[in-house]
Every structure is written in structure tokens, then in C-alpha cells.
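Student: What shape does this take:
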Amino acid sequence: MNKLEKLAQKLIRRSYPKEQFLGILQNLFGMFEDPEIIYQTLIARGFPLAEKNGKVYLKTAKTPYKNQEFTVVDIETSGSKPEYAQVIEIGAIKFRGDKVIDRFESFIYADEIPEYISKLTGIIQTDLENAPLQKEVLKQFKEFLGDSVFVAHNVHFDYNFISSKLEQLGFGKLANRRLCSIDLAKKTIESERYGLEYLNESLGINTAVSHRAYADALTAWKVMQKALQHIPNDIRTTEDLIHFSKKAKSKRLPSQQNVNKLCSKKVTPVVDSCSEHIEESVNSDNKSN
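Tutor: This is a model prediction of the structure:
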């Protein structure tokens, strides 16, 4: 368990008076470090800390998951290892409950794209020639993300790749709480497989584009919406939801009757200008490919 997770586990159980909390930070991160600087740095990196009545608490441990801001993220990269590759496209959807709050989408400039990446994604060199630099886009994305919960379909890859690139660029690693939509789907949706393309078809989501960042983020968001319909009643806070998604022996699946009903149910678009732009963006991408 890393230091951030140890800190989160302490705060899930209880809140702490500010001075006591600063002492915990010193014990975890180093007795010779300024705990106030550590505290402010964690907040800047997206760790969801807040104060009330002189006590420090973890916001995700107090916030009902239905009121939590989540950001579903997908990236396309020029390779699998952040040491040797970079992000070439990023797409994200921020939501609360069933309402989309905001969206983020950008190509990122790269000197060259390996041929196999172009074949997989359909992104070619000319798509990136006039795109903003990686440092600029990831800085904007970090501000967009804030301290929301980072969600991705295989969150380990997207989170760690972005976090590593942010550190390389001088912005510090991410400290956001995170949730894997694959793990959550496995607990709530009965399926033979849980890859995004398979769920896109089997659940009747039918996003027309795949292996493009924004389109895949949109599909993962819709998978999340379906999964959240089947959360047990004893799951209340965001941390409850994160724990539930990871818990290996508590797989709770809906009946086959409910699965059939769920698979045939069409996701209703959020009726606002933001959601209209979401569907238009994916459709226009599909037309341009």
C-alpha cells in the first residue's frame, strides 16, 4: 500500500484536527518536510482534502457517490511506456449522477506516430501537425480534472501514464482517487467479456467510433451509467463505491431478466447543450474518418 492509500485509509475511518493531521503527514512523508507544504501539495495534485470546524477530512469519504464529480478519461498514446512515448489524444467527460457537467477533448502535437498506432486509431501525422504541445494540454487537463474521481476503462494504464507525464513535465504526479469502470462493470453487469468494444455492442451503447479518446470516454461513461443502476443499497459514499469496485468476493450481478432489460435499454442523452455537443463531437469524428 503506497503512502497516498495509507493516508486515504486513515481518513476514511475518521477526520483529524489540523495539527494532528499535519503530524500524520510528517510520519508518512518525512519528519524533515514541512507538513503544511505537503498538505497544500496534496491538494494541488488532486487529493480531495477539505477542512471543517478545525478538522481535516477526505471529501470522498463524506460525499454520497450520487453527488460525486467523476471524470471519465481515455487517452491515445504513441506507445505503451510513458518513458518513451507520449499522449497524442485525450478525451474526458466530467459527470455527477446522470448529468454531464463538462467535457475535454484535444489532439496533442507529436513529431511522428508509429504506423501501428495510426492503423489502430486512425490518427495520422497531419492530424497532429497544428495541435498544441503535450505540456499545454496536460496542464489544462489537470485543471479540468481538479480533485474529481479519475475513472477509466483499465484505470491503471490511463491514470499512471498521465501521472507519469505530468511528473516529467514538472507538474507533479496525480493524487486523485480513482475507479476502474472494468472492475465496477464486473460487479454489476453480467457479460462474457468486459472489454470496451464488447460492452459497447452487447449493452446496446453502439458508439460508432472506437480507439479514439473522446469516443471511448463517451462509451465508458455510458457503461458507468448502466453500472450505477445496480449498486447495492448499502453502498453510499464515494469511498464505499471505490471499495465495492475492488472487492473480489462481493460480486453482485443482476438477474438475467434484469440484464436483458438493461441491455435493451437505450441510454437517454442528457438534455442540455453540453450533451448535445458530446453526441455531435463523436458523430463528426466518425464522419471525418
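Student: any idea of the pLDDT on the residue of the chain most remote from its centre?
Tutor: For the chain, the largest distance from the centre (C-alpha atoms, centre = their mean) belongs to F32, which lies 33.5 Å off. pLDDT, F32: 82.
Student: State the helix or strand in which it lies.
Tutor: For F32, there is no host helix or strand (DSSP states H and E).
Student: gap between it and K173?
Tutor: Using C-beta to C-beta, to the nearest Å, F32 is found at 21 Å from K173. For every residue, glycine as well, the C-beta is placed using N, CA and C.
Student: and what of D74?
Tutor: 20 Å.
Student: Of the two, which one has the most company?
Tutor: It is D74, of D74 and K173, that has more neighbours when counted by other C-beta atoms under 10 Å, with 27 against 16.
Student: That one: what's it in contact with?
Tutor: Residues in contact with D74 (C-beta atoms under 8 Å, 6 or more residues apart in numbering) are 90-92, 152-153, 158, 213-214, 216-217, 220.
Student: where along the protein do the helices fall?
Tutor: Along the chain, counting by DSSP state H, helices occupy 3-13, 18-29, 35-44, 59-62, 115-121, 125-128, 134-145, 155-168, 181-188, 196-202, 213-227, 238-246, 256-264, 273-288.
Student: Please identify the most buried of those helices.
Tutor: The highest mean neighbour count among the helices of the chain, using mean count of other C-beta atoms under 10 Å, belongs to helix 213-227: a mean of 24.
Student: any weak-confidence spans in the stretch 151-289 of the chain?
Tutor: 248-289 (pLDDT under 70).
Student: Tell me how far the spatially closest residue to L11 that is not a sequence neighbour lies from Q125.
Tutor: Distance criterion C-beta to C-beta, 6 or more residues apart in numbering; nearest residue to L11, sequence neighbours excluded, is L58 at 3.7 Å. Going from L58 to Q125 by C-beta to C-beta gives 44 Å.
Student: can you tell me which residues contact A44?
Tutor: So A44 contacts G172 (C-beta under 8 Å, 6+ apart).
Student: again but with P64, I slipped
Tutor: Contacts of P64 were listed using C-beta under 8 Å, 6+ apart, and they are 236-238.
Student: Turn the residues you listed into JSON lines, columns for distance to S164.
Tutor: Shown next, in JSON lines, are these (distance: C-beta to C-beta, whole Å):
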{"residue": "R236", "distance to S164": "33"}
{"residue": "T237", "distance to S164": "29"}
{"residue": "T238", "distance to S164": "25"}
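Student: Relative to R178, which of these is nearest.
Tutor: Within those, proximity to R178 (C-beta to C-beta) peaks at T238, which comes in at 11.1 Å.
Student: contacting residues for the closest one?
Tutor: For T238, the contacting residues are 60-61, 63-65, 68, 149, 177, by C-beta under 8 Å, 6+ apart.
Student: hmm, try it at 6 Å
Tutor: T238 makes contacts with 60, 63, 65, 68, as judged by C-beta atoms under 6 Å, 6 or more residues apart in numbering.
Student: hang on, the third one packs against L241?
Tutor: It stands for Y65. Yes. Contact status for Y65 versus L241: in contact at 4.3 Å, counting by C-beta atoms under 6 Å.
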